[in-house]
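**Student:** Sequence and predicted structure, then a few things I'm wondering about:
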Amino acid sequence: MRIAIDCRTLLERKTGDRTYIANLIRRLPGLTPENDYLFLLHRPLQEAAEDTSWLACLRAEIHVVRNPSPRTWTAVSLPSFVRKHGVDVLHVQYIVPPVCPCPVVTTIHDLSFYRFPQSFPPRDRFLLQHLIPFSARKAHRVITGSDSTRRDLVEICRIPDGHICVTPYAADAIFQPVADASRLRTFRQQRGLESPFWLSVGVLQPRKNLTRLLRAYHQVLQKNRDVPLLAIAGKRGWIATDIFREVVRMHLNERVRFLGYVPDEVLPLLYSAAEALLYPSLYEGFGLPVLEAMSCGALVLTSNTSSMPEVAGDAGILVDPLSVDSIADGLSRLLHLDERGRQEVRGKGFERASTFSWERTARQTAEVYRQAAPRDLASTALDAPHP
């Protein structure tokens, strides 16, 4: 089969969407060499915000599909490319073309714009609430990373459960404990993190629940001055100003460090240096930072809602993200773990993270392509040899 994949997020800074597509296309050509893969971009690779040199090693075609207006790239440029190059299956994230000459698979990571609409600017929220349900119903198959989002797709988008394929994600191979003490010490000095610290990772926006986390942190700090610093890594998003105001209001300026955007290659150092990841998000389609932190040996506090219990299992401290008291109780549990308890939780984290695999995700995705393909091609794919 000829499979075209929308890879535009490769050109952007690290997000869950970029991590997903990068790990998928790294593996698909090698795992399914019987398919021809066409990776589609809207700008040259030279304009990528992160390193993409690894693409040259893949057995795939890279195409820059240009369009004078980014708004019509999906609706006009994609169908035109598919028709011209004889594509059998097109894979996109979220929005599908209204009309396409071949079957379309879409990955919808979450429906946060429905569950927590206040996390999005009004215009974005309006477009997403109209376009995503349409795309989910239009696509031949919908991929998502968790059972939680699968249930949301059935309930909100009214699509048959049989059209949804859950392919859990995983931590990238770079996420391993950094054992070099000298390297960690230098990193801490450069970032102003010589003291023990807890870590929060993610775009600064309401859905990440940072204002409640800050209030819970302040609450614990009133009872125990030995609480680690709080380091917050992530670029500014929608309504980020409220987070900075909360720090000032509670006089936490000396206790909270805003690190800004942190690139992929630095994150393993950050997770390895941290005492724990604090991730009490209101809603996640999967929650990759949970697995990334566990893979690096950090303890994890996360929410008991949406997909996060699926990801963390019994290896994380689960809290009610809507309750400041619940988050504070979780922080107190972290604070009072003795060394034996910390090692036990850390071991559970390593074990939990190891049960997720991008190779498995890629194989499951290739099977979705086969299901979506025209029947004669799907039959041929079944007969093809597999490595």
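**Tutor:** Alright, I've got the coordinates.
**Student:** Against which helices or strands is the strand or helix carrying residue 187 packed?
**Tutor:** Under the criterion of DSSP states H and E, residue 187 resides in helix 181-191. When contacts are defined as 3 or more C-beta pairs under 8 Å, 6 or more residues apart in numbering; DSSP states H and E, helix 181-191 sits against helix 267-273. Glycine gets a C-beta too; all of them are placed from N, C-alpha and C.
**Student:** Where do the helices of the stretch 1-150 of the chain begin and end?
**Tutor:** 16-31, 78-84, 112-115, 122-138, 147-157 (DSSP state H, counting those that start in this stretch).
**Student:** Mind putting these into CSV with mean pLDDT?
**Tutor:** Converted to CSV, the helices of the stretch 1-150 of the chain look like this (pLDDT from 0 to 100):
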stretch, mean pLDDT
helix 16-31, 94
helix 78-84, 96
helix 112-115, 90
helix 122-138, 92
helix 147-157, 96
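**Student:** Of all these, which one is nearest residue 339?
**Tutor:** Among these, the nearest to residue 339 by C-beta to C-beta is helix 16-31 (32.5 Å).
**Student:** which secondary structure elements does that closest one contact?
**Tutor:** On a contact count with 3+ C-beta pairs under 8 Å, 6+ apart, helix 16-31 meets strand 2-6, strand 36-41, strand 89-93, helix 358-372.
**Student:** Kindly calculate the angle that it makes with strand 36-41.
**Tutor:** 160 degrees (axes from the mean of the first three to the mean of the last three C-alpha atoms, to 10 degrees).
**Student:** Okay, angle between helix 16-31 and strand 2-6 too, please.
**Tutor:** Using the same axes, to 10 degrees: helix 16-31 against strand 2-6 is 160 degrees.
**Student:** hmm, back to that, pipe the helices of the stretch 1-150 of the chain into JSON lines and attach distance to residue 196 and mean neighbour count per row.
**Tutor:** Formatted as JSON lines, the helices of the stretch 1-150 of the chain follow (distance: least, C-beta to C-beta, whole Å; neighbours: other C-beta atoms under 10 Å):
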{"stretch": "helix 16-31", "distance to residue 196": "28", "mean neighbour count": "20"}
{"stretch": "helix 78-84", "distance to residue 196": "49", "mean neighbour count": "17"}
{"stretch": "helix 112-115", "distance to residue 196": "32", "mean neighbour count": "18"}
{"stretch": "helix 122-138", "distance to residue 196": "38", "mean neighbour count": "16"}
{"stretch": "helix 147-157", "distance to residue 196": "33", "mean neighbour count": "18"}
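**Student:** now these in CSV, with distance to residue 238?
**Tutor:** Formatted as CSV, these follow (distance: least, C-beta to C-beta, whole Å):
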stretch, distance to residue 238
helix 16-31, 16
helix 78-84, 27
helix 112-115, 11
helix 122-138, 8
helix 147-157, 21
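**Student:** and the helix holding residue 187, average pLDDT?
**Tutor:** The predicted model assigns helix 181-191 a mean pLDDT of 94.
**Student:** Report the buried residues of that helix.
**Tutor:** 184, 187-188, 191 (16 or more other C-beta atoms under 10 Å).
**Student:** Residues contacting it, please?
**Tutor:** Helix 181-191 is contacted from outside by 178, 193-194, 231, 257, 259, 266, 269-270, 272-273, using C-beta atoms under 8 Å, 6 or more residues apart in numbering.
**Student:** Could you identify the helix or strand that succeeds it?
**Tutor:** strand 197-201.
**Student:** Tell me which strands that following strand pairs with, and in which orientation.
**Tutor:** The strands beside strand 197-201 in its sheet (DSSP bridges) come out as strand 229-233 (parallel), strand 276-279 (parallel).
**Student:** Please report the distance of residue 29 from residue 76.
**Tutor:** Look at residue 29 and residue 76: by C-beta to C-beta, to the nearest Å, they are 28 Å apart.
**Student:** Please apply the same query to residue 272.
**Tutor:** Residue 272 is 46 Å from residue 76, by C-beta to C-beta.
**Student:** Between those two, point out the one with more neighbours.
**Tutor:** Shown here are residue 272 and residue 76; by other C-beta atoms under 10 Å, residue 272 has more neighbours (21 against 16).
**Student:** The more buried one is in contact with residue 177, isn't it?
**Tutor:** Yes - with contact defined as C-beta atoms under 8 Å, residue 272 counts as touching residue 177 (5.3 Å).
**Student:** Quick check: neighbours shared by the two?
**Tutor:** 296-297.
**Student:** that older thread, ranking the helices and strands packed on helix 16-31 by mean neighbour count, which comes first?
**Tutor:** strand 89-93 (a mean of 26; mean count of other C-beta atoms under 10 Å).
**Student:** centre of the chain versus that one, how much separation?
**Tutor:** Relative to the centre of its chain, strand 89-93 is centred 18 Å away, using C-alpha atoms, centre = their mean, to the nearest Å.
**Student:** May I have the beta-bridge partners of the residue lying closest to residue 5 once chain neighbours are set aside?
**Tutor:** Leaving aside its chain neighbours, residue 5 sits nearest to residue 91 (4.6 Å; criterion: C-beta to C-beta, 6 or more residues apart in numbering). Following DSSP bridges, residue 91 is listed with bridge partners residue 5, residue 105.
**Student:** Max pairwise distance over the contacts of helix 181-191: which two?
**Tutor:** 178 and 257 (19.0 Å).
**Student:** Mean confidence (pLDDT) on stretch 232-243, please.
**Tutor:** Taken as a whole, stretch 232-243 has a mean pLDDT of 89.
**Student:** Isn't residue 357 up against residue 172?
**Tutor:** No - between residue 357 and residue 172 there is no contact under C-beta under 8 Å: 11.3 Å.
**Student:** more neighbours, the two?
**Tutor:** residue 172 (19 against 14).
**Student:** ok, that one to residue 56 distance?
**Tutor:** Counting by C-beta to C-beta - residue 172 and residue 56 are separated by 19 Å.
**Student:** Do you know the pLDDT at residue 384?
**Tutor:** Here the pLDDT value assigned to residue 384 is 53.
**Student:** ditto for residue 308
**Tutor:** 97.
**Student:** okay but it is in contact with residue 285, surely?
**Tutor:** No - contact criterion C-beta under 8 Å: residue 308 and residue 285 do not qualify, at 10.2 Å.
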